[in-house]
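Q: Quick check, what structure comes out for this input:
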Amino acid sequence: MVNYSLLQNGEDVVAGLSHIPGRVVEFLGDDDVGEEVEHFNYKQELSRKLTVSSMIGLGFSLMGVPFGVSTTLSIGLIDGGSATILWGWVTVTLLSLCVALSLAEVSSKYPSSGGTYHFAAILANEKYSLVASWFTGWFLIMGNWTMFISIVYGGSQFILSVLGLKDDEYKSDSILTLMLYICLVIFCAFVNLKLSKYLEKINTLCIYWTIYTVLIMDVLLMLFSSSFHDVKYILTNFDASRSGWPDPIAFLIGLQSASFTLQGYNMIPAMSDEVKNPERNVPKGMIFSVLVAGVTGVIFIIPILSILPELTLLLDSNPDIFPIDLVFKLSTQSLLVSFVLVLLLIGTVLFAGIGTLTTASRLTYAFARDGALPYKDLWTHVDDMGEQSIVPRNALFLSTVVSILLSLLSLVSSSAFSAFVGSAVISLSLASGIPILCLLLNKRRKIRGAHFKLHKFGWVFNAISLIWVSLSIIILCMPPQIPITVRSMNYAFVVSILFGVSATIAYFLWGKGHFHGPMLDEHILAESQQNSVLMQPIVNPVETNDIDPFGDQSTFFVDNPEDIWEEDEQYERELTPASNDTLNADLGASSNLIKTFKLEEEPRAVHEEDGSSSEAPNHRELL
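A: Predicted structure coming up:
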């Protein structure tokens with residue numbers, strides 16, 4: 001049998017073993033422990049059939065790069081121009097990648113459809129675990145719902161603004177916009193309900209649609225445009241005079257444009273119950289979707305900036321017409337070409353709407369399953385739609401109805417759309433920041449043995465992520481222009497505060513008595529509560545390939561040499577007391593500080609090809 005060491009309050013023990021050889025102490029303090037993915041004790045009800053390409057496509061659709069860049073173009077133009085738009089996009093891509101890497105590491109250890117609110121519960125101090133999970137969950141689900149509203153409502157405005165291509169005096173109609181919005185919401189719900197068996201193909205199709213949309217738009221714009229800016233203008237032109245802010249502040253506020261777009265990757269873990277090998281494919285989906293979105297954005301932005309018309313024509317004309325519509329019209333001088341370009345962007349709106357509603361329904365299902373919502377049995381009901389298609393129907397209906405009801409606020413204020421966009425990103429940022437903060441506070445102990453490892457770079461990525469999340473929340477609360485008017489005022493912080501107050505009231509009225517948080521295996525629960533450090537056996541380390549971080553034998557995704565965690569050959573590790581003889585011989589006087597365990601392997605619940613699994617016999621609630 002293989003000997004393991006479990007150090008209670010591991011850091012203090014390691015610090016006290018000064019007489020142990022340095023090689024052993026270094027090993028005990030290192031996080032390169034053997035892979036151990038933790039599984040949750042929930043009945044497997046949804047079909048586990050999605051692949052990594054589907055996860056990348058889902059993340060890509062949630063970000064909707066061409067549409068996101070196009071509809072937030074005015075922010076960058078006001079707060080610096082081309083330099084802010086281009087370099088702001090690059091900056092936010094790199095910072096978002098840090099956040100994605102941080103969350104990917106946690107999700108590879110704890111693959112769960114609860115996503116970041118489950119991460120917060122596990123990583124937080126036991127005293128604050130329930131509270132951290134509750135607020136993270138509400139920020140996550142409200143962020144998801146409002147993100148769906150923002151995408152589809154913005155898409156409705158964009159579709160109707162096409163009328164401005166022919167009529168410069170076009171005026172938006174809030175009732176007509178709302179009616180179109182409701183039609184699009186129903187369409188997205190129909191696809192999720194009746195065509196759920198095709199979600200794998202839809203997510204993959206989104207990748208091709210978006211990439212070809214960017215390429216076709218770039219080619220058409222370059223072919224039909226008659227004048228171009230030089231490279232220096234594209235890379236260095238900066239003019240923030242319209243914003244009224246000092247240049248550095250204007251650049252930071254200009255990051256709002258990219259921040260609104262590069263969101264959604266933190267919602268991918270919501271699909272963990274439907275993904276094959278979620279400990280592998282969910283982290284890869286998060287990371288690669290950000291990378292692909294970042295590169296796609298650069299390819300899309302540079303041609304747009306190269307044919308950009310005079311800013312006065314874009315910003316001082318009809319405010320009900322999107323600047324990107326005017327860019328198409330003025331640069332191509334062709335109504336037909338402009339219309340084709342708009343149609344391509346509408347396709348990305350539909351993909352983004354379908355994907356966002358998918359994750360919203362899964363998060364609603366997971367949140368209700370943990371007791372966060374009244375009528376738990378109603379919202380966790382699933383329907384077998386046939387052909388390996390199982391859908392949380394009632395959770396989907398709830399997400400749809402909530403989205404329609406909240407959109408009625410648009411009839412009260414024309415600023416509702418901007419407030420929803422901002423509050424959505426702020427809520428999602430908070431939902432990402434809370435578990436990362438908890439991870440740093442517990443000194444990264446609880447992710448030892450993660451399938452995806454950041455190693456010592458984890459501290460750096462986690463710290464950068466937390467700083468960026470904090471800064472982005474401040475940025476998203478600031479108006480793009482001063483002096484502030486009723487129209488230009490940023491009401492996102494007001495909506496976010498209302499979310500927080502509502503979640504606090506709901507916690508005392510309902511959460512304290514009903515919400516129990518994630519359910520883990522019993523031995524993992526003990527490890528989490530004791531804040532212990534589980535170490536790998538003192539054996540020769542597995543040789544890895546440092547070249548490909550995502551390879552089967554990589555430094556980051558490290559496979560167990562016995563491959564006991566692969567699909568139908570997964571096992572449950574139980575730690576039981578063993579003899580101390582071997583360790584005492586090696587460590588001498590330190591034997592009274594270390595309790596040795598041996599590994600007993602027992603078959604664990606396995607995921608069959610049809611997505612079913614047997615329930616683990618031992619489980620209890622985390623809190």
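
Q: For the rest of this, base every contact and every neighbour count on C-alpha atoms.
A: OK.

Q: any weak-confidence spans in this structure?
A: 1-45, 47, 385-389, 414-417, 421, 487-488, 520-623 (pLDDT under 70).

Q: Centre-most residue in it?
A: residue 266 (1.1 Å; Cα atoms, centre = their mean).

Q: what separates that one from residue 59, distance-wise?
A: From residue 266 across to residue 59, the span is 9 Å (Cα to Cα, to the nearest Å).

Q: Give me the secondary structure label for residue 245.
A: coil (DSSP: H, G, I helix; E, B strand; the rest coil).

Q: Could you check how far it is from residue 251?
A: 9 Å.

Q: Likewise for residue 63?
A: Residue 63 is 22 Å from residue 251, by Cα to Cα.

Q: Residue 314 now?
A: Residue 314 is 19 Å from residue 251, by Cα to Cα.

Q: same check, this time on residue 436
A: Taken as Cα to Cα, the span from residue 436 to residue 251 is 26 Å.

Q: go on, residue 354?
A: Residue 354 is 33 Å from residue 251, by Cα to Cα.

Q: Domains in this structure, by residue range?
A: Listed by automatic domain parsing, the domain ranges of the chain are 3-30+521-621, 55-514.

Q: Please enumerate the strands of the stretch 301-450 of the chain.
A: Applying DSSP state E, counting those that start in this stretch to the stretch 301-450 of the chain gives strands spanning 383-384, 390-391.

Q: out of those strands, deepest packed?
A: Among the strands of the stretch 301-450 of the chain, ranked by average contacts under mean count of other Cα atoms under 10 Å, first place goes to strand 390-391 (a mean of 22).

Q: List the strands paired with it, with their directions.
A: If you go by DSSP bridges, strand 390-391 pairs up with strand 383-384 (antiparallel).

Q: what residues does the partner strand touch?
A: Strand 383-384 is contacted from outside by 390, 391, 392, 393, using Cα atoms under 8 Å, 6 or more residues apart in numbering.

Q: How about stretch 175-182?
A: Residues contacting stretch 175-182 (Cα under 8 Å, 6+ apart): 152, 153, 155, 156, 157, 160, 404, 407, 408, 410, 411.

Q: Report the buried members of these.
A: Using 16 or more other Cα atoms under 10 Å as the burial test, those include 152, 153, 155, 156, 157, 160, 404, 407, 410 as buried.

Q: right, and out of the residues you listed, which lies closest to residue 519?
A: residue 404 (32.3 Å; Cα to Cα).

Q: tell me the contacts of that closest one?
A: 182, 185.

Q: quick one: it and residue 78, what's the gap?
A: Where residue 78 is concerned, residue 404 sits at a distance of 32 Å (Cα to Cα).

Q: Also residue 370?
A: Taken as Cα to Cα, the span from residue 370 to residue 78 is 45 Å.

Q: most neighbours per residue, which of the domains of the chain?
A: Highest mean neighbour count among the domains of the chain (mean count of other Cα under 10 Å): domain 55-514, with a mean of 21.

Q: Please put the alpha-carbon coordinates of stretch 91-110 into CSV.
A: Written as CSV, here are the backbone C-alpha positions of stretch 91-110 (Å, rounded to 0.1, in the frame of the first residue of the first chain):
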residue,chain,number,x,y,z
THR,A,91,-5.4,44.8,-21.4
VAL,A,92,-8.7,43.4,-20.3
THR,A,93,-8.1,40.2,-22.2
LEU,A,94,-4.9,39.6,-20.3
LEU,A,95,-6.5,40.5,-17.0
SER,A,96,-9.6,38.3,-17.8
LEU,A,97,-7.2,35.5,-18.6
CYS,A,98,-5.8,35.7,-15.0
VAL,A,99,-9.3,35.5,-13.6
ALA,A,100,-10.1,32.5,-15.9
LEU,A,101,-6.9,30.7,-14.9
SER,A,102,-7.7,31.2,-11.2
LEU,A,103,-11.2,29.9,-11.5
ALA,A,104,-10.1,27.1,-13.8
GLU,A,105,-7.8,25.8,-11.2
VAL,A,106,-10.6,25.7,-8.6
SER,A,107,-13.1,24.2,-11.0
SER,A,108,-10.6,21.4,-11.8
LYS,A,109,-10.6,20.4,-8.2
TYR,A,110,-14.3,20.9,-7.5
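
Q: Quick one: distance of that stretch to the chain centre.
A: The chain centre lies 8 Å from the centre of stretch 91-110; the measure is Cα atoms, centre = their mean, to the nearest Å.

Q: Kindly report the same for stretch 189-207.
A: 19 Å.

Q: and it, how far apart are its ends?
A: The straight-line separation of the ends of stretch 189-207 (Cα to Cα) is 21 Å.

Q: what do you get for stretch 262-272?
A: First-to-last residue span, stretch 262-272, Cα to Cα: 21 Å.

Q: quick revisit: who wins for proximity to residue 46 among the domains of the chain?
A: Using Cα to Cα, these put domain 55-514 closest to residue 46, at 5.4 Å.

Q: for that closest one, the distance to its chain's centre please.
A: 9 Å.

Q: secondary structure class for the residue lying closest to residue 236 once chain neighbours are set aside?
A: The shortest distance from residue 236 to any non-neighbouring residue, by Cα to Cα, 6 or more residues apart in numbering, is to residue 83 (5.2 Å). At residue 83, secondary structure determined by three-state DSSP is helix.

Q: Is it correct that residue 396 is in contact with residue 361?
A: Yes: look at residue 396 against residue 361 with Cα atoms under 8 Å: they come within range, at 4.6 Å.

Q: which residues in the chain form strands?
A: Ranges of strands in the chain, per DSSP state E, are 3-7, 383-384, 390-391, 519-521, 533-534, 571-577, 595-603, 619-621.

Q: Give me the spatial nearest neighbour of residue 153, chain neighbours excluded.
A: Using Cα to Cα, 6+ apart, the nearest residue to residue 153 is residue 181, at 5.5 Å.

Q: what about the one you found, distance to residue 341?
A: The gap separating residue 181 from residue 341 is 21 Å, by Cα to Cα.

Q: Kindly report the same for residue 187.
A: Taken as Cα to Cα, the span from residue 187 to residue 341 is 22 Å.

Q: what does residue 105 give?
A: Counting by Cα to Cα, the gap from residue 105 to residue 341 is 39 Å.

Q: same check, this time on residue 493
A: 34 Å.

Q: Repeat that for residue 517.
A: Residue 517 is 46 Å from residue 341, by Cα to Cα.

Q: go on, residue 365?
A: Per Cα to Cα, residue 365 is found 37 Å from residue 341.

Q: Residue 492 contacts residue 419, correct?
A: Yes: contact criterion Cα under 8 Å: residue 492 and residue 419 qualify, at 4.3 Å.
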